[in-house]
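Visitor: Everything below, folded, please.
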Amino acid sequence: MAVEEKRAWAMAVFAVVGYAVYAVLVLTRMDGRPLAETPYVAALLWTVGGGIVAGIVSGIWFGIAARNDGLQVDERDREIGRFGDHIGQSFVAIGGVSAMVLAMFEVPHFWIANVLYLCFVLSAVLGSLAKLAAYHRGLQ
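Guide: Predicted structure coming up:
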């Protein structure tokens, strides 16, 4: 398995697990309040930060392992990486536009932050899935 494929798997797993942890933390803090009034900032910052750190550490780990095995990133890996990034970036744009629309309608910050976070997660997951599909089926 190519090092970039391993990184794609790790990114998808970290994104899903991080968002699931965030959702559980927010839902358990409701205490009878409406969801939009639930404290969410600390949970959001910790799960996003944890995902970033996990991604960096796994990238370093996979890079060291690949170097020790003599594996290198080739042109195919770079093309697949660009393909997956283009797929994922579409959800970043969707999140930005959605957040802008919500802000125009003066929706509570909770919903704006959660739309952005969800779109970042979808970006990571779908970009990673696109990369994994390209590794297994090829680019056509």
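
Visitor: in this structure, what spans have low per-residue confidence?
Guide: Scanning the chain for pLDDT under 70 picks out the ranges 70-71.

Visitor: any idea how far M11 is from A2?
Guide: The gap separating A2 from M11 is 14 Å, by C-beta to C-beta, to the nearest Å. Any C-beta I mention is one placed from the backbone N, CA and C, and that applies to glycine too.

Visitor: What ranges does the chain have for its helices?
Guide: Ranges of helices within the chain are 3-28, 41-69, 75-104, 109-137, based on DSSP state H.

Visitor: before we move on, the earlier item: A2 and M11 - which one has more neighbours?
Guide: M11 (23 against 18; other C-beta atoms under 10 Å).

Visitor: Could you tell me how far that one is located from G32?
Guide: As judged by C-beta to C-beta, M11 and G32 stand 36 Å apart.
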